[in-house]
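**Q** Give me coordinates for this.
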Amino acid sequence: MWIQRVAAGLVSVAMALGCQDATSARPPVAEKGTRTPAEASFKKQLERLGQEGWYGIYMMGQKVGHGHLWFRPTRPAVSPWAADAGKPAEPGAYTYGFEMKMSVSGGAEANELTLSEYRYYAKDYPHALIETRFGTGAKGFIEERTATPTADGRMHIVRTLSGKAEPARDVPGTKEDLVAQLRLSPLELIDTEVGTRAEVSLWSWEKEADEAIAVSFDGIDKRQRAGISERVGRFTLTYKATGVSGAVLVGSDGTLLEMTLGASLLMKLEERSVAESGIAGLDILGTGVASPARLGSPDAVSGLVLELTGPKGLKLPTSSVRKVEAIGVEGRFRLTNKRGLGDAVTPAERTEALMSDATLDATHPTIVQRAGELTRGLATPGEKVRAIADWVFRTLDKKLATHLPTASTVLDKKVGDCTEHTWLTVALARAAGIPARPLYGLAYTGDGESIFAYHAWVEVAVPDATGVERWLAIDPTWGEAEADATHIVLGSSLGEVAGSIGGLKIESATVLP
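**A** Predicted coordinates for the structure are as follows:
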């Protein structure tokens, strides 16, 4: 489901920032030998390790969960700390860790989502990343992944789904090390001049590749914390690929006090008992955007003009069927959306839209087998796409708030919301040799609710009358062979959608004749 990936984005931001609370410090891991000035300066930061913080997590004004963040030396095989008694040793010399729980509901479906991420770094400068682990779960379904660098510079990924091992995979390597992590550290930025900018690449579990992150140090304020006045640093963290930003507040001792992701997601430092209490949860059906007008039956809408406002930095994708015009102040747009064939498919897009990855596992044997069964005897890409999408629409039990991390798992369980419908359709199409990719955004749910709900659907490559491959949007969740024009694309990844949740407003909506 889409909220799971938005939450994963929060994990990534939190991990990038770290936790620099100066309390409860443990003995630092000793390092020997002559050091350069840069190493000596870096060593001073490492001597402050041994910190943790608890955080309340809020979305659209509701407390939806809590998180626990730490940054410390790793736990040895025989630990001198009583709190670690009975716990297994950890690899490397230093570790970042973050765990969170969120409560989510969708109609009658309730769900508790868990996410965790751990990063382990080598002893010697610049302390290369030697292992990272990622876990997520809901309703008893647990996914765990571990990535370790290989001798030839790649990342070797081992994955289990509810205890069942998946085939291991090798993906491009990472340049991440602890020096890169601490370049994003609030402790370092707060001691530099306002306007300082930095950019590093860190491993992303969503992409299973390095991701560029930019940080700007925006200023220093004085605020009260626990009755004491202190200097608080303000800075902005931005994911370069998606433009999604987080605003961050950091205490004078380096403590991460508060951060936001996009327009609606907030994480703030709290006492543990406070962080774990008062959780109301999030009803994902309430995250949609109200329509200012009734549009009639969505499947009858072939053209639509919207005027909308969004958060700073919002970028709406354009194509031959999606025209976007900036109007007035920053963040205000006029969008003209039409049903039908879009842009021609480029060679690079075609290659990417046929790939198999950790989620869209198009080469999984069960996916390949089902795609073959559904398309056997069919001659054209259009016929194959219709057969696949129609089967997914008729077969999946439509339930919200599930958590099925791969298309092959969706095929096995035959249940899911719009995200699962989308992933399974994309994987089956790719297995059948048809380029396909997911789209994420908003779609009108009808005059009964009169809202544009957050939604996922599919874009496939099919030939036009001249034989040129063009992108066509379809909706396997709603059974639309051509997605209606109320489908508003916000991006092709959930990371792009995260920045707009809670920050969009539709000012006017007009159905074209």
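**Q** which residues in the stretch 151-300 of the chain form helices?
**A** Remark: helices of the stretch 151-300 of the chain, listed N- to C-terminal, are 178-183, 186-189, 272-275; assignment by DSSP state H, counting those that start in this stretch.
**Q** Lowest mean pLDDT across those helices, which one is that?
**A** For these, the weakest mean pLDDT is recorded on helix 186-189, namely a mean of 49.
**Q** Would you indicate which residues of whichever strand or helix holds residue 508 are buried?
**A** Here residue 508, judged by DSSP states H and E, is contained in strand 505-511. Using 16 or more other CB atoms under 10 Å as the test for burial, strand 505-511 gives 506, 509, 511. Placement of C-beta: from N, CA and C, glycine included.
**Q** And stretch 217-225, by the same measure?
**A** With burial defined by 16+ other CB under 10 Å, the residues of stretch 217-225 counted as buried are 217-218.
**Q** List the neighbours of that stretch that are in contact with it.
**A** 189-190, 192-197, 229-236, 251, 257 (CB atoms under 8 Å, 6 or more residues apart in numbering).
**Q** ok, back up a step: quick check, nearest of the buried residues of strand 505-511 to residue 165?
**A** Proximity of those to residue 165 was ranked by CB to CB; the top entry is residue 506 with 46.2 Å.
**Q** Correct me if wrong: that closest one contacts residue 310.
**A** No. Here residue 506 lies out of contact with residue 310, judged by CB atoms under 8 Å, at a distance of 9.9 Å.
**Q** Now, the contacts of stretch 217-225 that are in strands?
**A** Using DSSP state E, the members of the contacts of stretch 217-225 that fall in strands are 197, 229-236, 251, 257.
**Q** sorry, back to before: same for the strand holding residue 508, what does it pack against?
**A** Strand 505-511 is packed against strand 289-290, strand 303-309, with contacts defined by 3 or more CB pairs under 8 Å, 6 or more residues apart in numbering; DSSP states H and E.
**Q** from the middle of its chain, how far away would the first one be?
**A** Looking back up the chat, that one is strand 289-290. Shown here is strand 289-290, whose average C-alpha point lies 22 Å from the average C-alpha point of the whole chain (CA atoms, centre = their mean, to the nearest Å).
**Q** Let the chain start at 31 from now.
**A** All right, first residue 31 from here; so that's strand 319-320.
**Q** Packing partners of that strand?
**A** With contacts taken as 3+ CB pairs under 8 Å, 6+ apart, strand 319-320 sits against strand 481-493, strand 535-541.
**Q** Any buried residues in the first one, and which?
**A** It stands for strand 481-493. Using 16+ other CB under 10 Å as the burial criterion, the residues of strand 481-493 that qualify are 481-492.
**Q** Same check on stretch 195-203?
**A** Within stretch 195-203, the residues that count as buried by 16+ other CB under 10 Å are 196, 199, 203.
**Q** OK, contacts around residue 340?
**A** With contacts defined as CB under 8 Å, 6+ apart, residue 340 is in contact with 293, 346, 361, 363, 530, 533-535.
**Q** Distance check, it against residue 539.
**A** 15 Å (CB to CB, to the nearest Å).
**Q** can you list contacts of stretch 341-352?
**A** Counting by CB under 8 Å, 6+ apart, stretch 341-352 makes contact with 268, 273-275, 292-293, 340, 354, 360-361, 363, 365-373, 501, 519-522, 529-530, 533-534, all of which sit outside it.
**Q** Pull it out as PDB, backbone CA atoms only.
**A** Listed in PDB are the C-alpha atoms of stretch 341-352, where the atom choice follows Å, rounded to 0.1, in the frame of the first residue of the first chain:
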ATOM      1  CA  PRO A 341       3.300  22.700  -1.600                       C
ATOM      2  CA  LYS A 342       6.500  24.600  -2.600                       C
ATOM      3  CA  GLY A 343       8.600  22.600  -5.100                       C
ATOM      4  CA  LEU A 344       5.700  20.600  -6.400                       C
ATOM      5  CA  LYS A 345       6.300  19.400 -10.000                       C
ATOM      6  CA  LEU A 346       3.500  17.900 -12.000                       C
ATOM      7  CA  PRO A 347       4.600  15.500 -14.900                       C
ATOM      8  CA  THR A 348       3.600  16.600 -18.400                       C
ATOM      9  CA  SER A 349       3.000  14.700 -21.600                       C
ATOM     10  CA  SER A 350       0.900  15.000 -24.800                       C
ATOM     11  CA  VAL A 351      -2.200  14.100 -22.700                       C
ATOM     12  CA  ARG A 352      -1.200  16.200 -19.600                       C
END
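**Q** So what sits opposite the closest residue in space to residue 278 that isn't next to it in sequence in the bridge?
**A** Beyond its immediate neighbours in the sequence, the residue positioned closest to residue 278 (CB to CB, 6 or more residues apart in numbering) is residue 289, lying 4.5 Å away. Legend: beta-bridge partners of residue 289 under DSSP bridges are residue 278, residue 297.
**Q** is it true that residue 289 touches residue 266?
**A** No. Taking contact to mean CB under 8 Å, the distance of 10.2 Å between residue 289 and residue 266 leaves them out of contact.
**Q** Show me which of these two is the more surrounded one.
**A** The residue with the greater number of neighbours, taking residue 289 and residue 266 and applying other CB atoms under 10 Å, is residue 289; the counts read 24 against 15.
**Q** Residue 128 versus the more buried one, what's the distance?
**A** Residue 289 sits 12 Å away from residue 128 when distances are taken as CB to CB.
**Q** go on, residue 324?
**A** Computed with CB to CB, the distance linking residue 324 and residue 128 is 44 Å.
**Q** and what of residue 164?
**A** Using CB to CB, residue 164 is found at 10 Å from residue 128.
**Q** Return every residue with contacts to both of the two.
**A** Overlap of the contact sets of residue 164 and residue 128 (by CB under 8 Å, 6+ apart) consists of 146-147.
**Q** Tell me who's in contact with residue 334.
**A** Under the criterion of CB under 8 Å, 6+ apart, the contact partners of residue 334 comprise 325, 366-368, 515-516, 539-542.
**Q** cool, and residue 292?
**A** 274-276, 341, 528-533.
**Q** Mind putting those residues into a markdown table with distance to residue 423 and neighbour count?
**A** Rendered in a markdown table, the data for the contacts of residue 292 read as follows (distance: CB to CB, whole Å; neighbours: other CB atoms under 10 Å):
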| residue | distance to residue 423 | neighbour count |
| --- | --- | --- |
| 274 | 31 | 27 |
| 275 | 36 | 21 |
| 276 | 37 | 27 |
| 341 | 33 | 18 |
| 528 | 27 | 29 |
| 529 | 30 | 30 |
| 530 | 27 | 26 |
| 531 | 26 | 24 |
| 532 | 30 | 15 |
| 533 | 31 | 17 |
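**Q** Can you give me the distance of the closest residue to residue 223 other than its chain neighbours to residue 267?
**A** The shortest distance from residue 223 to any non-neighbouring residue, by CB to CB, 6+ apart, is to residue 247 (7.5 Å). Between residue 247 and residue 267 the distance, using CB to CB, works out to 11 Å.
**Q** so where is the stretch 331-480 of the chain shaky, pLDDT-wise?
**A** Applying pLDDT under 70 to the stretch 331-480 of the chain flags residues 430-433.
**Q** Quick one: the strands in it, in order.
**A** Here the stretch 331-480 of the chain has its strands, by DSSP state E, counting those that start in this stretch, at 333-339, 352-356, 362-368, 427-428, 445-446, 466-474.
**Q** Direction-wise, compare the first one with strand 362-368 and give the angle.
**A** Computed by axes from the mean of the first three to the mean of the last three CA atoms, to 10 degrees, the angle separating strand 333-339 from strand 362-368 equals 160 degrees.
**Q** Pull the distance from strand 333-339 to the chain's centre.
**A** In this view, strand 333-339 has its centroid 26 Å away from the chain centroid, taken as CA atoms, centre = their mean.
**Q** wait, what's in contact with the closest residue to residue 380 other than its chain neighbours?
**A** With sequence-adjacent residues excluded and distances taken as CB to CB, 6+ apart, residue 380 is closest to residue 465, at 5.0 Å. Taking CB under 8 Å, 6+ apart as the contact definition, residue 465 lies against 375, 379-380, 383-384, 459, 490-491, 499.
**Q** No more questions from me, cheers.
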